[in-house]
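Engineer: no sequence for this one, just the structure:
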């Protein structure tokens, strides 16, 4: 079945460091891929998405490229800020499934220190 | 900007009690979902709902769970007899034709 495997955390970085959070997926169809962010005490917010191979999603300095050949959707940011401290979830939605349910990774907690 | 809202933000209940978690999806959305996140674990799909009926449900969504859209705006998740392992964050989501928008969640604590 469909699944998402996400890099284990927690991750601690200094401000302005480069961030990579790895995400790979397994899907039977042609999924859309997402990164969601959960700030402390808040719900899930869509960070970026990509709906087909080679698409690049980007938002707030974060980027991720849909790589079908490696079934990956790694999240990157060139220079993290303290305000980026949150939990990041990789997810997929397989359009072949009724209801388009989401499959989430386990989440990666990021802490950015000044 | 339209958003999904959920009430209450935190619910504490005794084991064996019934709880109803409430969600107000975005008004023109047609598909509705419940997910849960046990502390420290991944977000798991529970159920999807479309056209006033369940379209898909996971193994977690057993007979203790039910969903309802009692009026044109609310979407509820009922747990009939709560167990300790039902303690989790419950997220509601809705969508029209695009991706899902998630609510802020209800933290359910079963004592």
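Structural biologist: That came through fine. The model shown is predicted, which means the values in this text are computed figures rather than measured ones. Numbering: from 1, shown residues only, chains lettered A, B, ... in the order given.

Engineer: lowest-confidence helix or strand of chain B?
Structural biologist: Ranked by mean pLDDT, DSSP states H and E, the helix or strand of chain B with the weakest confidence is strand B:101-102, at a mean of 88.

Engineer: now do the buried residues in the helix or strand just after that strand.
Structural biologist: Next along the chain after strand B:101-102, taking DSSP states H and E as the criterion, comes strand B:106-110. Across strand B:106-110, burial judged by 16 or more other Cβ atoms under 10 Å in any protein chain shown covers B:106-108, B:110. Yep, even glycine has a C-beta here, placed from its N, CA and C like the rest.

Engineer: same thing with stretch B:61-77?
Structural biologist: For stretch B:61-77, by 16+ other Cβ under 10 Å, it's B:61, B:65, B:67, B:69, B:75, B:77.

Engineer: one more: stretch A:50-59?
Structural biologist: A:50-51, A:57.

Engineer: what's the span of it from first residue to last?
Structural biologist: 12 Å (Cα to Cα, to the nearest Å).

Engineer: what does stretch B:71-89 give?
Structural biologist: Stretch B:71-89: ends 24 Å apart by Cα to Cα.

Engineer: neighbours around the nearest residue to residue A:75 once chain neighbours are set aside, how many?
Structural biologist: Using Cβ to Cβ, 6 or more residues apart in numbering or on different chains and skipping the chain neighbours, the partner closest in space to residue A:75 is residue A:21 (4.4 Å). Neighbour count for residue A:21, taken as other Cβ atoms under 10 Å in any protein chain shown: 23.

Engineer: my guess is residue A:21 meets residue A:11, correct?
Structural biologist: Yes - contact criterion Cβ atoms under 8 Å: residue A:21 and residue A:11 qualify, at 7.1 Å.

Engineer: overlap in contacts of the two?
Structural biologist: A:108, A:110 (Cβ atoms under 8 Å, 6 or more residues apart in numbering or on different chains).
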